[in-house]
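Chemist: Return atomic coordinates for the entry below.
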Amino acid sequence: MSKISEKVVHCQFQYFLFSDILISSKQFGFGPKLSTTSALTSFADEVLLHMESGELCGAVFLDWTKEFDTVDHDISLS
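Modeler: Here you go, the predicted structure:
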């Protein structure tokens, strides 16, 4: 029963977030059918579109995977 309730709440919450535009449709990885593959495809399409029209296009990629390894945890906890 708890799994069914969890699924119902999850579906309703996801519908609320995406229908009221609280989460952008370009927020890949969190929405239905919005995987990292679709993010890469969208990015490549956008770059090609700008290249074909002769516009400049740039990107900045940040890796936040080790962000909290540099934080002093004693300071954070205090």
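
Chemist: switch to C-alpha atoms for all contacts and neighbour counts from now on
Modeler: Fine.

Chemist: In terms of helices and strands, where is residue 14?
Modeler: helix 2-19 (DSSP states H and E).

Chemist: oh sorry, the question was meant for residue 64
Modeler: Under DSSP H and E, no helix or strand contains residue 64.

Chemist: Going by contacts, tell me the helices and strands next to the helix holding residue 14.
Modeler: Packing contacts for helix 2-19, counted by 3 or more CA pairs under 8 Å, 6 or more residues apart in numbering; DSSP states H and E, involve no helix or strand.

Chemist: just the helices in the chain please.
Modeler: According to DSSP state H, the chain carries its helices in the segments 2-19, 36-52, 73-77.

Chemist: need the ones you listed in a markdown table with mean neighbour count, can you?
Modeler: Formatted as a markdown table, these follow (neighbours: other CA atoms under 10 Å):
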| stretch | mean neighbour count |
| --- | --- |
| helix 2-19 | 12 |
| helix 36-52 | 13 |
| helix 73-77 | 7 |
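
Chemist: Quick one, which of those helices gets closest to residue 58.
Modeler: Smallest distance to residue 58 across the helices of the chain (CA to CA): 8.2 Å, for helix 36-52.

Chemist: I'd like to know which elements that closest one is packed against.
Modeler: Contact here means 3+ CA pairs under 8 Å, 6+ apart; on that basis helix 36-52 packs against no helix or strand.

Chemist: how far is it from where the chain is centred?
Modeler: On the basis of CA atoms, centre = their mean, to the nearest Å, helix 36-52 sits 15 Å off its chain's mean C-alpha point.
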